[in-house]
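In: Here's my sequence, what's the structure:
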Amino acid sequence: MNNQIVLRRSVAVMLSAITTSIIMVMFAMIQVHDLFMEHKKLVAEIENDGRQLAAVLATTAAPILANIVMSHDALLNTNIDPLLLQRILENVRTSRVHDLLVLDRQGNMLAQSDPNHPPPIFLDHPMVQKAITTRRLVLEHIEGAFKLRFVSPLFGGYSSRLPQQDISGLLYFELHYAEDHFEAVASLWRHLFWSTLFLLMVLGLNVGMIRKIVIIPLKVLERQAVHLGNGDLSARSDLENDPGVGNELRHLSKVFNQMAAQLQSMNAFLKNAKERAEAEVAERIQIQNRLQDALGLSEKVYNTVNVGILAYRADTGQCIVANEISGALIGASREQVMKQNFREILSWQRCGLLNMAELTLSTHQDQKAEVWVSPTSFGKHVWLNVFFSTFTQHGIEHLLFVMDNITERKKMEDTLREEYEKNRRFMDIMDDIDAYIYIKDRQRCYQYANRKTLDLFGCSAETLLGKRDEHFFSSQSSLDRLAAVDRRVLELGESTVEEMMVDPRSINEVRIYLEAKRPIFDHNNDIWGLSGVSTDITRQKRIEATLRENEQKLTEAKELAERANHAKGAFLATMSHEIRSPMNVVLGMSEVLLETELNPEQRRLIQIMHRSGKALLAVINDVLDFSRIESGRFVIVDAPFSPRHIVEETSSLMQIAAEEKGLTLNVDVSSQIPETIMGDDGRVRQILINLLGNAIKFTDRGRVHVTLALHAREPGMLEFRVTDTGIGIAPDQLNRIFEHFTQADSGISRRYGGTGLGLAISKRLVALMGGEIVVESTIGQGSTFSFTLPVRPVKPSETPAVAMTLDPKSRVSTRSLRILLAEDTEENQIIFDVYLKNTPHQLVIVNDGLEAVAQVKKETFDLVLMDIQMPNMDGYAATHAIRQWEQQNGLPPLIIIALSAHADIEKSAESLAVGCDLHLTKPISKKDLLTTLQKFADSI
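Out: Down below sits the predicted model:
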């Protein structure tokens, strides 16, 4: 709709200009027509006067001329005075009538009104010939001279001596009308000239205006539309900022730019979506290929594995899968097994296999057992370890039947059992030995263990029989080590003595054992199994390790910790610098944008961006604080401050956040609180902001209450208390919430966000300041966080610091500062330039320290904003050079403010040490910058 309105207005402007031009052209045409008609009228009047004059002269001169013609000698033999015609012509000549001539038939001049003037016409003149030929009056307009020429034949009819129709002579005269009509015509021409000139000026102005206001902008928009149509979505028009273009076309240009931006964003989104879709398709193809490979591998595996695998449809009992070994286990071929359903294949057994299958289908619970299968028409006696389970495929329930031939194992178990009985007395002796003694078969299943081993495993001899290490040890690494040694003994026949670190389930602790294993051979001299003797040497090994490595480990641990802390500190400082630099641009731009006129959606999006940037900055500050605390580099400031002011200021700061959630924020400060105490007001404020922020974040309705009072049970201590009606904390989580990177519940982080560092930092800060922080909470009712601080009176020599609360919007310095900005990043240059726009300050920008020093020497400045990290010459070197130049020339020191993305206290101290007056850490808000400039402007 807005586009249609803009187009209609543009068309209306064009039509108005064209209509005006058409009207003026018509007006000019009317004037030209009037002038032409007036001129035509004047000429007609003059022609009429000439005709009348010609008739009068012809009537007068014809008789005279006829008599002359009739004379044989025209001038000598007539009785008529030849000067008569001369006098008649002289009398007729006036200011309008000139050059009157009378010619005879031979072209001789008989009379002339002005004898001194040469005759203007002779017999061979075209007008004369035309008058003789046509026998009529002939006239000719001489436009440039404003006169008419007349040639009239004189006939003999005027005399009785000549025939009536014979031409006796010719009359010629000129009729001038310049003196009478020139002014009128000239006036008309002047009027026409100025009218035409005015018309051309107006028409040119209209054409120029139309071209500038409509045609050129439309061509610009047309080119932009062509670019957009050709796929160049980066094309933009700058008409929206051109004051010489109409509002409608500026708005239309803005709409075009917005449309191009939206198309560009949509195109990028579609491109990303296409790339993601292509990646997903490629990934699915890879997965499909892997699945096909896995299916092929699975088929090979289940056909080669030494375990029978059968699968049946539960509804029809039809066999759909049977590997090669499944038929062999029950003495049949795979084809015979495939032809029978599971009820037929299992019904002939009396060992309960069919009942187990039916029970599995009805309860959907796995069933397993060791069964003795009786012989069949195509089978033989075997021991089977059977397993039944169910699965669903394509919506159809299936029965899975897995069986393993354990006949040989059973035979071996029987043999061992017999041997065990024979050697019972020997086993009793083994039970009295203070070592772990055991025997395993070739499948690594325990067949014997003495009493000490059974006590370690926490089982009886019967329970132990047939079990493997997986039942008695926890970690996979332990199982892998035990299996590797067992395979060496069972497969290679080696005797081994190994120190093994394993973790028995019964003690849930990693122990060190000295294990000796040797192979056991049967009567055929084949390896039947292994025997093992193990002694717990954990205590001895620990003592040895402690005595041998204690000093070295302590040294290495100390060096490692120092290197780790140094690396971590350097890493965090570097990351803080790299994040703060672009964050200065993000927060600065969003702050400036919020001061402009925005629609609600734009304001909401920019506010989200600004809040997110500040949240990220808070996370960075938390991580840096925690790192400093852990490394012991955190410094607590000891200065006078007002605890009452801190509580009221912090509560006022958090009031907006509480109101946005519909919460009531109450503040109660006891009148017994001392007005000023010694401590670190910044860290107290940081703790209160964290506790209040958490209370507001985790409270959806109700109130948040802040109190400050003297501690009831500990004299000389202040108690800050923050109470909310929020979600509360579970009792088992109360001790965990003060751990770093920890929240009460994993879902808390997903729902409410946060790093889990705030309370950990608060606890460390309170401890560093000599206090304690505690929490009380009930799920669903709320929480109360309180911390104490010692009341340390202010020394008489110290006075409390007064915080500057200047609001740049409320008071702008009337003093104009000439400021030099040394900054190598273009984005930061733009931010400071925008910050200082609409202020009385003048800003000059240079790109590095060398340019800053040169500019200070060349021009006069009130203040320098000096970035620390720059190419060619950094801010510290530039500051040192400026201070040295000032001392050499006896100049007063220039105010230099250091700017850095490093948030370390060491950096601030280093800035002051090289000669800077102040150190500001990026990101720097507009308010903080203007407040700082105001402070120095007032001091200059």
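
In: got the residue ranges for the strands in the stretch 351-500 of the chain?
Out: For the stretch 351-500 of the chain, the strands defined by DSSP state E, counting those that start in this stretch occupy 367-373, 382-393, 396-405, 436-441, 446-449, 496-502.

In: of all these, which lies closest to T596?
Out: Judged by CB to CB, the one of the strands of the stretch 351-500 of the chain that comes nearest to T596 is strand 382-393, at 61.9 Å. (C-beta placed from N, C-alpha, C; glycine too.)

In: Tell me the helices and strands packed up against that closest one.
Out: For strand 382-393, the elements it packs on are helix 353-363, strand 367-373, strand 396-405, helix 407-422, judged by 3 or more CB pairs under 8 Å, 6 or more residues apart in numbering; DSSP states H and E.

In: Can you pull out the residues in contact with it?
Out: By CB atoms under 8 Å, 6 or more residues apart in numbering, the residues outside strand 382-393 that reach it are 314, 329-330, 353, 356-357, 359-361, 364, 366-373, 397-407, 409-410.

In: residues in contact with L850?
Out: The neighbours of L850, taking CB under 8 Å, 6+ apart as the test, are 872-873, 878.

In: Could you list which of the residues you listed belong to helices?
Out: A878 (DSSP state H).

In: Just the buried residues of the contacts of L850.
Out: Listed as buried from those are 873, 878; burial here means 16 or more other CB atoms under 10 Å.

In: got the contacts of L850 as JSON lines, with pLDDT columns?
Out: Shown next, in JSON lines, are the contacts of L850 (pLDDT from 0 to 100):
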{"residue": "N872", "pLDDT": "91"}
{"residue": "M873", "pLDDT": "93"}
{"residue": "A878", "pLDDT": "94"}
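
In: any idea which of the contacts of L850 is the one closest to S911?
Out: When the contacts of L850 are ranked by distance to S911 (CB to CB), A878 comes first, at 11.9 Å.

In: if we can go back for a sec, E344 is nearest to which of the helices and strands packed on strand 382-393?
Out: Smallest distance to E344 across these (CB to CB): 9.7 Å, for helix 353-363.

In: And that closest one, what does it pack against?
Out: Other elements packing on helix 353-363 under the criterion 3+ CB pairs under 8 Å, 6+ apart are helix 342-347, strand 367-373, strand 382-393, strand 396-405.

In: looking at the sheet around S786, what are its partners?
Out: On the basis of DSSP bridges, S786 is bridged to R721, V774.

In: and it, what does it touch?
Out: Shown in contact with S786 (CB under 8 Å, 6+ apart): 719-722, 773-775.

In: give me that answer again for 7 Å
Out: 719-721, 774 (CB atoms under 7 Å, 6 or more residues apart in numbering).

In: Buried only: go through the residues you listed for me.
Out: By neighbour count, with 16+ other CB under 10 Å, those hold 719-721 as buried.

In: and G780, helix, strand or coil?
Out: Following DSSP: H, G, I helix; E, B strand; the rest coil, the label given to G780 is coil.

In: Residue numbering should commence at 111 henceforth.
Out: Understood, numbering begins at 111; the last thing we discussed is G890.

In: Could you find the closest non-adjacent residue to it?
Out: G838 (5.5 Å; CB to CB, 6 or more residues apart in numbering).

In: right, and the helices and strands packed on helix 463-473 - which one's nearest M369?
Out: Closest of the helices and strands packed on helix 463-473 to M369 is strand 492-503, at 53.2 Å (criterion: CB to CB).

In: Name the SS class of Y282, please.
Out: Assigned with three-state DSSP, Y282 falls in the strand class.

In: which non-adjacent residue is nearest it?
Out: Leaving aside its sequence neighbours, Y282 sits nearest to L211 (CB to CB, 6+ apart; 4.2 Å).

In: Ok, H286 next?
Out: Take H286 and drop its neighbours on the chain: the residue closest to it by CB to CB, 6+ apart is K257, 4.5 Å away.

In: E250 is in contact with that neighbour, correct?
Out: No - with contacts counted by CB atoms under 7 Å, K257 stays clear of E250, the gap being 9.4 Å.

In: More neighbours: the two, which one.
Out: Neighbours were counted for K257 and for E250 using other CB atoms under 10 Å; K257 has more, 18 against 14.

In: Give the bridge partners for that one, please.
Out: Beta-bridge partners, per DSSP bridges, of K257: I252, H286.

In: Which residue ranges make up each domain of this protein?
Out: Segmentation of the chain into domains, based on automatic domain parsing, reads 126-295, 415-515, 519-646, 745-900, 928-1049.

In: mind showing which ranges of the stretch 761-910 of the chain have poor pLDDT?
Out: Across the stretch 761-910 of the chain, residues meeting the criterion (pLDDT under 70) sit at 850-866, 906-910.

In: now do 50
Out: Applying pLDDT under 50 to the stretch 761-910 of the chain flags residues 854, 856-857, 859-860, 862-863, 910.

In: which residues in it form strands?
Out: Going by DSSP E, counting those that start in this stretch, the stretch 761-910 of the chain shows strands at 774-779, 787-789, 813-820, 827-834, 883-888, 892-900.

In: now for the ones you listed, which one comes closest to R628?
Out: Closest among the strands of the stretch 761-910 of the chain, using CB to CB: strand 883-888, at 61.2 Å.

In: Name the residues that touch that closest one?
Out: 838-839, 844, 847, 872-873, 876, 893-897.

In: Also stretch 706-716?
Out: Outside stretch 706-716, the residues touching it (CB under 7 Å, 6+ apart) are 700, 703-704.

In: Mind checking which of the residues you listed are buried?
Out: 700, 703.
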